[in-house]
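**Q** Sequence first, predicted model second:
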Amino acid sequence: MHPPHPTPPSPRIAVVGAGPGGLTCARILQLHGIPVTVFDRDGGPGARDQGGTLDLHEDNGQLALREAGLLAEFHRLARPEGQEMRQLDAASGTVGFHFVPDEHDRFKPEIDRGVLRDLLLDSLQPGTVRWDHTLRSVSGPEQGPRTLHFTDGTTVEAGLVIGADGAWSKVRRAVSPAVPRYTGISFLEAWFHDVDRRHPEIAALVGQGGASAADGTRGMFAQRNGDDHIRVYLIQRTPADWITAAGLTPQDTDGIRALLLDRYRAWSPRLRRILTDNDGPYVDRPLHALPVPHTWTPSPTLTLLGDAAHLMPPLGVGVNLALLDAAELALALTRHPTIADAVHAYERTMLPRSHATQALLDGAAEGLLSDESHEGPPPHPEAAHPGAVGDHRG
């Protein structure tokens, strides 16, 4: 009979959430020789769809990847042509504003969320991420070690807990009573697979980047992803329970499609094909945001980053702020003599920035429904991710 395996030593720094922010933080810490463990509820890296495509900005998201030593690899994988943007007239389907990036434009190239996550995962030391760890709660005194309690009954003690666990963060509950609230705007997501071969008209309509249309009450945003499919977001000002209120379920693709065709009946037949020809099934993603501004009780043993700290409408800034948060927190931990000093320095910079951005974007999701013509790019919805919009799994 073999003796039981010894319990591994508790990690000094525990990151909860293996999204882009949590993984970037772990990567930079490891580059500086600081041990870290990441805990994630997924059963493995391929357990679920990671969402659509992201534009990483040169002045925040890309800065974080530079600190992580991954910027060159990011540019190898990214799609600068994905910066193309079209604004379509809802009634006629014709193109109004049309932005085509210069071939050397690298300000905010697109990358699929899953590709970015794989890039970050592959950069970490083996065993850094502990999969199938769903957090139930965090306990412990503000000044002493924190204890992570997982739903399988196991516990882990850490000198610092970093909450990178998204909109419905369990880590946040240890320091803040705030919960995300419904913004009144909902996304309904659908796909076109193998689009160039099976749906050439839709491919031509959308182009290499994104195409949007709106009539003041409802909107549509279609965006090309990196694996020959287009992801579509149908945008409505509607009660959060609009599907069940209509006597439907999210799985009732035909029923939802009929309802949408009625709601978008004044739209161009060219655009209505996005409703009738998509591959389905639809995914309902009501948009939520944290109160503005969101703050919490300071603690030297626990802090937050990304959506856990400042969930906002998905308008192209969320993942960029998460990566910037992650880099600044990791670098603070390398530059200060104590964890408490590092956390204080990080929050002193991050909180004012996030509060300013929260205020700027408060109610801004309404802009996705505007039918006003744009001289510059129309509002760009960020790729809907289950951890950010409408997923209550926590």
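**A** Yes, it's here. Every value quoted in this text rests on a predicted model; they were computed, and no experiment measured them. Numbering: from 1, shown residues only.

**Q** Backbone dihedrals for residue 193, both of them.
**A** phi -90, psi 150 (degrees, to the nearest 10).

**Q** Not counting sequence-adjacent ones, nearest residue to it?
**A** Closest residue to residue 193 apart from its sequence neighbours, by CB to CB, 6 or more residues apart in numbering: residue 229 at 4.8 Å. Backbone N, C-alpha and C define where each C-beta goes, glycine included.

**Q** ditto for residue 190
**A** With CB to CB, 6+ apart, the residue lying closest to residue 190 is residue 278, at 4.0 Å.

**Q** all strands of the stretch 1-150 of the chain, in order?
**A** Ranges of strands in the stretch 1-150 of the chain, per DSSP state E, counting those that start in this stretch, are 13-16, 37-39, 53-55, 85-88, 95-99, 110-112, 129-130, 135-139, 146-150.

**Q** Okay, now the sheet partners of the third one, with direction.
**A** For strand 53-55, sheet partners with direction are given as strand 110-112 (antiparallel), following DSSP bridges.

**Q** Show residues contacting the partner strand.
**A** 50, 52-56, 74, 77-80, 82-83, 209, 225-227 (CB atoms under 8 Å, 6 or more residues apart in numbering).

**Q** mind redoing it with 6 Å?
**A** Counting contacts by CB atoms under 6 Å, 6 or more residues apart in numbering, the residues outside strand 110-112 that touch it are 53-55, 77-79, 82, 225-226.

**Q** okay, stretch 83-96 in PDB with CA atoms only?
**A** Output of stretch 83-96 as PDB, limited to C-alpha atoms (Å, rounded to 0.1, in the frame of the first residue of the first chain):
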ATOM      1  CA  GLN A  83     -10.000  46.800 -37.400                       C
ATOM      2  CA  GLU A  84     -12.200  47.400 -40.500                       C
ATOM      3  CA  MET A  85     -15.600  48.900 -39.500                       C
ATOM      4  CA  ARG A  86     -18.700  49.600 -41.400                       C
ATOM      5  CA  GLN A  87     -21.900  51.400 -40.400                       C
ATOM      6  CA  LEU A  88     -24.900  50.200 -42.400                       C
ATOM      7  CA  ASP A  89     -28.300  51.900 -42.800                       C
ATOM      8  CA  ALA A  90     -30.900  49.800 -41.200                       C
ATOM      9  CA  ALA A  91     -33.700  50.500 -43.700                       C
ATOM     10  CA  SER A  92     -31.600  50.200 -46.900                       C
ATOM     11  CA  GLY A  93     -28.700  48.000 -45.900                       C
ATOM     12  CA  THR A  94     -26.300  50.400 -47.700                       C
ATOM     13  CA  VAL A  95     -22.900  51.300 -46.300                       C
ATOM     14  CA  GLY A  96     -22.500  54.700 -44.700                       C
END
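
**Q** which SS state does residue 235 fall under?
**A** Of the three states, residue 235 takes strand according to DSSP: H, G, I helix; E, B strand; the rest coil.

**Q** can you pull the contacts of it?
**A** Counted by CB under 6 Å, 6+ apart, residue 235 has contacts 187, 219, 368.

**Q** hmm, 8 Å instead?
**A** Taking CB under 8 Å, 6+ apart as the definition, contacts of residue 235 comprise 185-188, 214, 218-221, 368-369, 381.

**Q** Who does the residue lying closest to it once chain neighbours are set aside form a beta bridge with?
**A** Spatial nearest neighbour of residue 235, excluding adjacent residues (CB to CB, 6+ apart): residue 219 at 3.8 Å. Legend: beta-bridge partners of residue 219 under DSSP bridges are residue 214, residue 235.

**Q** same deal with residue 230?
**A** In this entry, residue 230 is beta-bridged to residue 192, residue 224, by DSSP bridges.

**Q** Contacts only, for it.
**A** Contacts of residue 230 were listed using CB under 8 Å, 6+ apart, and they are 191-192, 195, 199, 202-203, 206, 222-224.

**Q** If I follow the layout properly, residue 209 ends up in contact with residue 224?
**A** Yes: counting by CB atoms under 8 Å, residue 209 does reach residue 224; the two are 6.3 Å apart.

**Q** Looking at those two, which is more packed in?
**A** In this view residue 209 and residue 224 are compared by other CB atoms under 10 Å, and residue 224 has more residues nearby, 27 against 24.

**Q** In this structure the more buried one contacts residue 206, no?
**A** Yes: when contacts are counted by CB under 8 Å, residue 224 is listed as touching residue 206 (5.7 Å).

**Q** if we can go back for a sec, please work out how many residues are found near the residue nearest to residue 190.
**A** There are 23 residues near residue 278, going by other CB under 10 Å.

**Q** likewise the one 4 residues further on?
**A** Using other CB under 10 Å as the criterion, residue 282 is surrounded by 21 other residues.

**Q** With residue 297 instead?
**A** For residue 297, the count of nearby residues is 10 (other CB under 10 Å).

**Q** With residue 269 instead?
**A** 8.

**Q** how much space between it and residue 114?
**A** In this view, residue 269 and residue 114 are 33 Å apart by CB to CB, to the nearest Å.

**Q** Common neighbours of residue 209 and residue 224, please.
**A** Residues touching both residue 209 and residue 224 by CB under 8 Å, 6+ apart: residue 82.

**Q** Send me the longest helix seen in the chain as PDB with only the CA atoms.
**A** For the chain, the longest helix by residue count, based on DSSP state H, is helix 339-361. Only the C-alpha atoms of helix 339-361 are listed here, as PDB (Å, rounded to 0.1, in the frame of the first residue of the first chain):
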ATOM      1  CA  ILE A 339       2.200  42.600  -0.300                       C
ATOM      2  CA  ALA A 340       0.200  45.300   1.600                       C
ATOM      3  CA  ASP A 341       2.400  48.000   0.100                       C
ATOM      4  CA  ALA A 342       2.000  46.600  -3.400                       C
ATOM      5  CA  VAL A 343      -1.800  46.200  -3.100                       C
ATOM      6  CA  HIS A 344      -2.100  49.800  -1.800                       C
ATOM      7  CA  ALA A 345       0.000  51.200  -4.700                       C
ATOM      8  CA  TYR A 346      -1.900  49.200  -7.300                       C
ATOM      9  CA  GLU A 347      -5.400  50.300  -6.000                       C
ATOM     10  CA  ARG A 348      -4.200  53.900  -5.700                       C
ATOM     11  CA  THR A 349      -3.700  53.900  -9.500                       C
ATOM     12  CA  MET A 350      -6.400  51.500 -10.700                       C
ATOM     13  CA  LEU A 351      -9.400  52.800  -8.800                       C
ATOM     14  CA  PRO A 352      -9.300  56.400 -10.100                       C
ATOM     15  CA  ARG A 353      -8.800  55.100 -13.600                       C
ATOM     16  CA  SER A 354     -11.700  52.600 -13.400                       C
ATOM     17  CA  HIS A 355     -14.000  55.100 -11.700                       C
ATOM     18  CA  ALA A 356     -13.400  57.600 -14.600                       C
ATOM     19  CA  THR A 357     -14.000  55.000 -17.200                       C
ATOM     20  CA  GLN A 358     -17.100  53.700 -15.400                       C
ATOM     21  CA  ALA A 359     -18.500  57.200 -15.400                       C
ATOM     22  CA  LEU A 360     -17.700  57.700 -19.000                       C
ATOM     23  CA  LEU A 361     -19.400  54.400 -20.000                       C
END
